[in-house]
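*Asks:* sequence below, structure please.
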Amino acid sequence: MSGRNAGIAGNPVLIGAATVLVVLVAVFLAYNANQGLPFVPTYSLKAEVPSAAALVRGNEVRIGGSRVGTIDSIAAKRRADGSSVAVLSLKLERDAAPLAKDSTLLIRTKSALGLKYVELTRGGSGETYTDGDTIPLTASTPAPVEFDEFVNMFDDDTREAMATNLGGFGEAFAGRGVAINQAIAAFRPLLRDIVPVAQNLSDPDTGLKRFVSALGRAAAEVAPAAETQAELFVNLDRTMAALREVARPYIQDSITRGRPALDESIRSFPVQRPFLRNSEGLFRELRPGVRALRTSAPVLAEALEVGTPTLRRSVALNRRLEPLLRELQMFAEDPLVPRGVDGLTDVVRTLRPTLDYLAPAQTVCNYVTLWFRNVSSLLSEGDRNGTWQRFIIVATPQGENNEGGPASAPANGPNVENHLHTNPYPNTASPGQPRECEAANEPYARGRTVIGNTPGAQQLATERTR
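*Replies:* Alright, predicted model coming up:
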């Protein structure tokens, strides 16, 4: 039979060529499998990430653990502030589109050998990325932690401390099985009672979420002082080591006996609160006086130095005054004394208008003192003609109605000397009078008759005496 009708199956060359072609296509498809199958439509996006360390072209992109695409390329981008970020070109399957704009992106470790992949977490926003859009850097949170960074956390000191802790805990629990069983049995009422506590904590009105957030902010505030706090704990360890020597019985007894003291404080503090409030008000009112003591303290110190000997001598004085004070007490207890005091009060009340009128004659014009001074020197002082107290005939002025004989009117001239000058009630600054000391201060009006107060205001003082 002729081989002309055998076809392709009978031609070894064609069969070999077809086999080679199939193998080449399979190799090509296997080589490009990481970049996606050819002629298959894709959903392309770009994503900005802080770092593309250990990422290579062809790494997987996953959503919910399922592979949805690969990284097509990696490029660097310089930002306006001078920093640099990595830009990933993502080639995703069409089934992954569309991706919401509040979706997040995280670079995660796939194996301990450093292989990584990009994990997308879908958001719920109504706005979505179109083909070719860029996922911003803000969506790349949180910052990835490298496996070597995690491993480096366990340095030599940390491993030594962990070994010490394990040894300490092991020794602490060794031989205490019965105590642990008793503790577990005691946990049962604790777990029963913790249910209402947990309900209260889970209640939104409790604000536990705000409390934890506030604790987080507080921890962030004290984070810069971490080294200082560490030094504090080191110093506290030294302090506790020093207190270990007096822990028993001194500190133990103080703690044991401290409870009755605290109970007594709870009972007594409410009673003391008014006293403390009054003390606070007293000290507030004393502040001006204490402030004044800054300047008066030296004077007060000198007064105390002088007064201390005086107080010592006052003891003897008080003994000498004791009989007098007894007599005064007997006088005060005498029934006739109140009657005498009442009578004296009536006399003083009656004399008060007179005293009010006469008092300025001494307190303002000094007339009483001057009178006694002049009386004392009347017979002891004088001039060559004798003392001031003398008897001599003084001729009266000549003229009509002069003082030498009967007159029908006050002396009024005609010559200059024949004029009467008299002021029987001079002003002494008494109530109802002008403020002047007229007696002994009147000017002499030559050639004029003046009867009564002198015209004009006189000075408000007479000759002063000491």
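*Asks:* what is the lengthiest strand in the chain packed up against?
*Replies:* Ranked by residue count, the top strand of the chain under DSSP state E comes out as strand 66-78. Secondary-structure packing of strand 66-78 (3 or more CB pairs under 8 Å, 6 or more residues apart in numbering; DSSP states H and E): strand 42-49, strand 60-63, strand 84-93. (Each C-beta comes from the backbone N, C-alpha and C, glycine too.)
*Asks:* now it: mean pLDDT?
*Replies:* The average pLDDT for strand 66-78 rounds to 88.
*Asks:* if we can go back for a sec, let's have the helices and strands packed on strand 66-78 in a markdown table, adding mean neighbour count and distance to Gly307.
*Replies:* Output for the helices and strands packed on strand 66-78, formatted as a markdown table (neighbours: other CB atoms under 10 Å; distance: least, CB to CB, whole Å):
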| stretch | mean neighbour count | distance to Gly307 |
| --- | --- | --- |
| strand 42-49 | 20 | 88 |
| strand 60-63 | 18 | 96 |
| strand 84-93 | 19 | 86 |
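*Asks:* including distance to Phe187, could those strands go into TSV?
*Replies:* Listed next are the helices and strands packed on strand 66-78 as TSV, based on distance: least, CB to CB, whole Å:
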stretch	distance to Phe187
strand 42-49	48
strand 60-63	43
strand 84-93	51
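*Asks:* dump those strands to CSV, plus mean pLDDT.
*Replies:* Below are these laid out as CSV (pLDDT from 0 to 100):
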stretch, mean pLDDT
strand 42-49, 87
strand 60-63, 90
strand 84-93, 88
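*Asks:* for Ala183, which of the ones you listed is the nearest?
*Replies:* Among the helices and strands packed on strand 66-78, strand 60-63 comes nearest to Ala183, with 45.9 Å by CB to CB.
*Asks:* where does pLDDT dip in this protein?
*Replies:* Where the chain drops to pLDDT under 70, the residues are 1-11, 13-14, 25-40, 112-114, 142-149, 390-392, 464-466.
*Asks:* break it into its domains for me.
*Replies:* Domain assignment of the chain by automatic domain parsing yields the ranges 32-151, 356-397+411-466.
*Asks:* so where do the strands sit in the stretch 351-466 of the chain?
*Replies:* 382-383, 386-387, 421-422, 450-451 (DSSP state E, counting those that start in this stretch).
*Asks:* check the stretch 51-200 of the chain too.
*Replies:* 60-63, 66-78, 84-93, 99-100, 104-109, 116-121, 128-129, 134-135.
*Asks:* and the ones you listed: which comes nearest Ala174?
*Replies:* Using CB to CB, the nearest of the strands of the stretch 51-200 of the chain to Ala174 is strand 104-109, at 38.9 Å.
*Asks:* contacts made by that closest one with the rest, please.
*Replies:* 47, 49, 51-52, 55, 115-121, 123, 135, 139-142, 144, 146-147 (CB atoms under 8 Å, 6 or more residues apart in numbering).
*Asks:* how about stretch 154-174?
*Replies:* Under CB under 8 Å, 6+ apart, the answer for stretch 154-174 is Ile180.
*Asks:* tell me the buried residues in that stretch?
*Replies:* For stretch 154-174, burial by neighbour count (16 or more other CB atoms under 10 Å) applies to no residue.
*Asks:* swap in stretch 63-78?
*Replies:* Here stretch 63-78 shows Ile63, Val68, Gly69, Thr70, Ile71, Asp72 as buried, counting by 16+ other CB under 10 Å.
*Asks:* same thing with stretch 369-382?
*Replies:* Buried, per 16+ other CB under 10 Å, within stretch 369-382: Leu370.
*Asks:* end to end, how far does it reach?
*Replies:* Using CA to CA, to the nearest Å, one end of stretch 369-382 lies 20 Å from the other.
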